[in-house]
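Chemist: Take a look and give me a structure for this.
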Amino acid sequence: AQSNWEVGMRFGDNISVDATIPIGLSPRFHPALYITDRWGFGGYFDWMFALSGGPTGLKFYPGLGPEFFFENDFDMAIAGDFGVEYSFDFPLTIGFDWRPGFVVTDKFKGKASNWGFIARFRIGEGKFVKAN
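Modeler: Numbering: from 1, shown residues only. From the prediction side, this is the model:
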């Protein structure tokens, strides 16, 4: 499982400062501070998976968590976090994810446009997720 912290940026529909924090074998905590259009933050819990016999460092993850946005109005959403990422032998992880959700403060209005490319720097030695 992931054993290191990661910090970087996410570019796409929303730009954010993106991080991952291990909280056990699985899941990990995946906070994001959104800094464009509307500012806000999200906190997702991701479960990490690797392909059996696949490349070391390639991981897939589904996740779920709350999002809070502030501007003229306050919005709260329950969002998914679905992605794929690759951790290189040097301290860099890149990935692509999608964070659809339901805006609780707007009659559970669905949102599906939160796509992003992620680049994070790994802090510490870290380990890769390996399939058994």
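Chemist: Going by C-alpha atoms from here, please, whenever you check contacts or count neighbours.
Modeler: Noted.
Chemist: Pull the contacting residues for the closest residue in space to residue 22 that isn't next to it in sequence.
Modeler: Excluding the flanking residues, the one nearest residue 22 by Cα to Cα, 6 or more residues apart in numbering is residue 28, at 4.5 Å. Residue 28 makes contact with 2, 20, 21, 22, 45, 46, 47, 48, according to Cα atoms under 8 Å, 6 or more residues apart in numbering.
Chemist: Sort out which of the residues you listed are in strands and list them.
Modeler: Cross-referencing the contacts of residue 28 against strands under DSSP state E gives 20, 21, 22, 45, 46.
Chemist: right, and the first one touches residue 8 too?
Modeler: Which is residue 20. No. Using Cα atoms under 8 Å, residue 20 makes no contact with residue 8, being 9.2 Å away.
Chemist: More neighbours: which of the two?
Modeler: residue 20 (22 against 18; other Cα atoms under 10 Å).
Chemist: ok, back up a step: please check the contacts of residue 28 and keep the buried ones.
Modeler: 2, 20, 21, 22, 45, 46, 47, 48 (16 or more other Cα atoms under 10 Å).
Chemist: just those residues now: which is nearest residue 106?
Modeler: Proximity of the buried ones among the contacts of residue 28 to residue 106 (Cα to Cα) peaks at residue 45, which lies at 23.3 Å.
Chemist: Thank you, goodbye.
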